[in-house]
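Q: attaching a predicted model along with its sequence, questions to come.
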Amino acid sequence: MPTEGRLQPELVGVPFSATIARDSVVTVVRLSGELDMATEHKVAHVLDEVLAATPEIVRLDLSDVGFCDARGLAALLAAGQRIQMAQRRLELTGVPPPLRRLLAVTALQDRLNVD
């Protein structure tokens with residue numbers, strides 16, 4: 001039976017949350033939990049909400065992200081592309097050491113504006 005588009009039961013309850021603090025210039029989005037296959041669509045949903053308010057700068061605070069795999073990294077890249085297409089600027093702050101290493105190995109730290 002194909003499972004494309006559906007999450008395996010063990011992935012449904014993967015921890016993830018986002019808080020949004022708006023300002024006239026900068027919107028800070030604090031992501032918590034895991035960035036992976038189970039949460040990449042949630043990142044996109046949060047970004048929809050943020051971009052509706054047309055901030056000049058979107059700052060993703062990743063200090064509470066405990067895990068990020070290739071799908072989480074793809075979600076960050078997709079966020080960066082959408083923000084750039086909306087003629088806004090993305091900044092990543094509070095990047096934990098494991099994710100910082102992943103961004104360095106993939107040479108994406110400059111593209112995603114890691115502080």
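A: Alright, I've got the coordinates.
Q: find the nearest non-adjacent residue to A78, please.
A: Nearest non-adjacent residue to A78, counting by C-beta to C-beta, 6 or more residues apart in numbering: A44, 6.8 Å away. C-beta here means a position set from N, CA and C on the backbone, and glycine is covered the same way.
Q: need the longest strand for the chain.
A: Criterion DSSP state E: the longest strand present in the chain is strand 57-68.
Q: so which residues make contact with it?
A: 15, 25-36, 47, 50-51, 72, 76, 79, 83, 88-96, 98-99, 102 (C-beta atoms under 8 Å, 6 or more residues apart in numbering).
Q: please, a PyMOL command that selects the buried ones among the residues you listed?
A: Listed next is the PyMOL selection for buried residues among these, using 16 or more other C-beta atoms under 10 Å:
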select buried, resi 27+28+29+30+31+33+34+35+36+47+50+51+72+76+79+83+88+90+91+92+95+99+102
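Q: list the buried residues of whichever helix or strand comes after the longest strand of the chain.
A: Tracing the chain C-terminally past strand 57-68 and defining elements by DSSP states H and E, one meets helix 70-85 next. Residues of helix 70-85 classed as buried: G72, L73, A75, L76, A79, G80, R82, I83 (neighbour count, 16+ other C-beta under 10 Å).
Q: now the helix or strand that helix 70-85 is followed by against strand 57-68, angle please.
A: As assigned by DSSP H and E, the chain's next helix or strand after helix 70-85 is strand 89-93. On the basis of axes from the mean of the first three to the mean of the last three C-alpha atoms, to 10 degrees, strand 89-93 is oriented at 40 degrees to strand 57-68.
Q: count the residues that sit near the closest residue to V26 other than its chain neighbours.
A: Once flanking residues are discounted, V26 sits nearest to I57: 4.5 Å by C-beta to C-beta, 6+ apart. I57 is flanked by 15 other residues according to other C-beta atoms under 10 Å.
Q: thanks a lot, catch you later.
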